[in-house]
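Enquirer: Sharing a model prediction with you, sequence too.
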Amino acid sequence: MTRLGATHVRIRAVLFTFALVLVPMAALTGCSTHSTSAATGSRIDVTMHDFGIKVSRHLVAAGKVVLHVTNNGPSTHEINVDLTRYGAGDIPLKRDGLTAAEDAKGLARIDSIEQVNLHHAGDLALDLRPGRYVLWCNLEGHYLGGMHETFDVR
C-alpha cells in the first residue's frame, strides 16, 4: 500500500471513530428532559403508575416549583394540581361515583397536564404559595384507585 493510501485509511478510521462516539452523544443530549426552570426553584419528581402517584418530596419552599411528571403506565393519565384543604384521598366524588368533583369547595385548580402518555415525561412549572397541594388523576376510576398524593409548600 502506498503512503497516500495508508493515510486515507487512517483518516477514514479516525472519522469513523468520531462518528461512533459523537452521533450517540448528540442523540442522548436531544433526549434530555431537564428544564432550565428547574435550576431556579424546587423540583419534585412525580411518578405515575396504575394506580398510584409517588412524589420525591413532600415539602418544598414557596415560589418556583417544577413538577417533573413521568407516566410509567400502563395507560394514559392526567395530572391535576390543586391547592386544597382536603387530604389526598378525601376529595368529594361526583354523582357518578367514579370521579372526584373538580369543582368541590376547598379545591382550587393551579394547573394540570391533561394527557401524559404512557412512558412519557414532562415538566410543569408552577409558582406556588404556602399551603397543601394535591396531585391527582381524575380519569374514570383512577382517583378511586389511589392515584393521588399531597405535598406541602412553606
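Expert: On my side now, so go ahead.

Enquirer: Bridging across strands, which residues link to residue 132?
Expert: With DSSP bridges as the criterion, residue 132 is bridged to residue 152.

Enquirer: any idea how far residue 96 is from it?
Expert: When distance is defined by CB to CB, to the nearest Å, residue 132 is 26 Å away from residue 96. Every C-beta, even on glycine, is put in place using the N, C-alpha and C of the backbone.

Enquirer: what comes into contact with stretch 92-109?
Expert: Here stretch 92-109 makes contact (CB atoms under 8 Å, 6 or more residues apart in numbering) with 80-86, 91, 134, 136, 138-141, 143-144.

Enquirer: Which members of those occur in strands, if any?
Expert: 80-84, 134, 136 (DSSP state E).

Enquirer: got these as JSON lines, with neighbour count, pLDDT and distance to residue 42 columns?
Expert: Converted to JSON lines, these look like this (neighbours: other CB atoms under 10 Å; pLDDT from 0 to 100; distance: CB to CB, whole Å):
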{"residue": "80", "neighbour count": "22", "pLDDT": "96", "distance to residue 42": "19"}
{"residue": "81", "neighbour count": "23", "pLDDT": "98", "distance to residue 42": "14"}
{"residue": "82", "neighbour count": "22", "pLDDT": "97", "distance to residue 42": "18"}
{"residue": "83", "neighbour count": "17", "pLDDT": "98", "distance to residue 42": "16"}
{"residue": "84", "neighbour count": "21", "pLDDT": "95", "distance to residue 42": "19"}
{"residue": "134", "neighbour count": "24", "pLDDT": "97", "distance to residue 42": "17"}
{"residue": "136", "neighbour count": "26", "pLDDT": "96", "distance to residue 42": "20"}
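
Enquirer: So which of those residues is the closest to residue 116?
Expert: residue 80 (11.2 Å; CB to CB).

Enquirer: I'd say the closest one and residue 138 touch.
Expert: Yes. The pair residue 80 and residue 138 qualifies as a contact (CB atoms under 8 Å) at a distance of 6.1 Å.
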